[in-house]
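# I would like the atomic coordinates for the input below:
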Amino acid sequence: MALKLGKSFDRNYTIRLPFLNSCYDISIFFNKKSTFLLFGVEHQKEESETGIKINMFKNLESSKFCETFIELHNYRKNTLDILNQFKNIRAEYSHDISFVTNETITLAKIDIEVDNGEKKSLFDCLNIYGFTMNSFQNEFLFIITERHNIVTKFNKKIVRTSGIQIATSHALSMLDEYHQDSMKGKVGFEQKIPTDEIIKME
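Residues are numbered from 1 along each chain as shown. I've put the predicted structure just below:
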C-alpha cells in the first residue's frame, strides 16, 4: 500500500539494505525548508519473515542501541542548535559495531554573516548513518538520520536526528545483553525508557 504524504514533505531519499535472505528499502521523506522527516519501510520479499521488529525513534536517547554503542553530541550557541548529533561509536564497542552505510545528501550551500562580520559557509544537508551488530550482521539494522537545516532569517544551523531500527528477536535479545552490561553500576539503571518516545512500526 502506498504511503500518502501531505505538503510537509517535498524530498525523498531511499536506500536499499540487505536483511536476512532479502532486503529493505528505507525511504526518508523530508522538507527542504525544515528539519521534519518521516521514514517509510518496504520489504522486498513477498512472504515476510516472522519475529522482525521495526521501531522508529524520534529521540535517539530513548534507543537502547544508541545508549549502549553511540556517543551523541549536543551544542547550542548563536549560530548553532544541535540535538543528539552522531559523534562516534564508543571506543569499547569498536569491534562489536560496523557501518553499513554513511551518506550525505547536500541540498544547498548557504553563506551567512557571523558576529565579526565575516562570511561563513553552511551546508543544508541530510546525513545518513547505518549500523549493524557484527554478531548479527544480517539480522540487525539501525539507521540514524541527521537533518541539517539553515534558517537564513536568523543565520542559524539547526540539526535534528531520528532513528529507525529493524531487528530479529534473536538480535534484540543480544542488544538487551549488551545494554544491561553497559548499564552496570550506573545510577538510574532501573529507570524505564519512556514509551511515548518510541514509535512502533509493525
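
# list the buried ones in the lengthiest helix in the chain?
Counting by DSSP state H, the longest helix found in the chain is helix 169-182. For helix 169-182, burial by neighbour count (16 or more other CB atoms under 10 Å) applies to Ala171, Leu172, Met174, Leu175, Tyr178, His179, Ser182. Glycine gets a C-beta too; all of them are placed from N, C-alpha and C.

# That helix packs against which elements?
The contact analysis (3 or more CB pairs under 8 Å, 6 or more residues apart in numbering; DSSP states H and E) places helix 169-182 against strand 52-57, helix 64-69, strand 119-133.

# Now distance to Ile105 and mean pLDDT too, for those, in CSV please.
Shown next, in CSV, are the helices and strands packed on helix 169-182 (distance: least, CB to CB, whole Å; pLDDT from 0 to 100):
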stretch, distance to Ile105, mean pLDDT
strand 52-57, 20, 96
helix 64-69, 22, 97
strand 119-133, 5, 93
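
# looking at the ones you listed, which is buried most?
Most buried of the helices and strands packed on helix 169-182 by mean neighbour count (mean count of other CB atoms under 10 Å) is helix 64-69; its value is a mean of 21.

# residues in contact with that helix?
Helix 64-69 has contacts (CB atoms under 8 Å, 6 or more residues apart in numbering) with 57, 60-61, 72, 89-90, 93, 96-97, 131, 142, 144, 163, 165, 175-176, 178-179, 182-183, 193.
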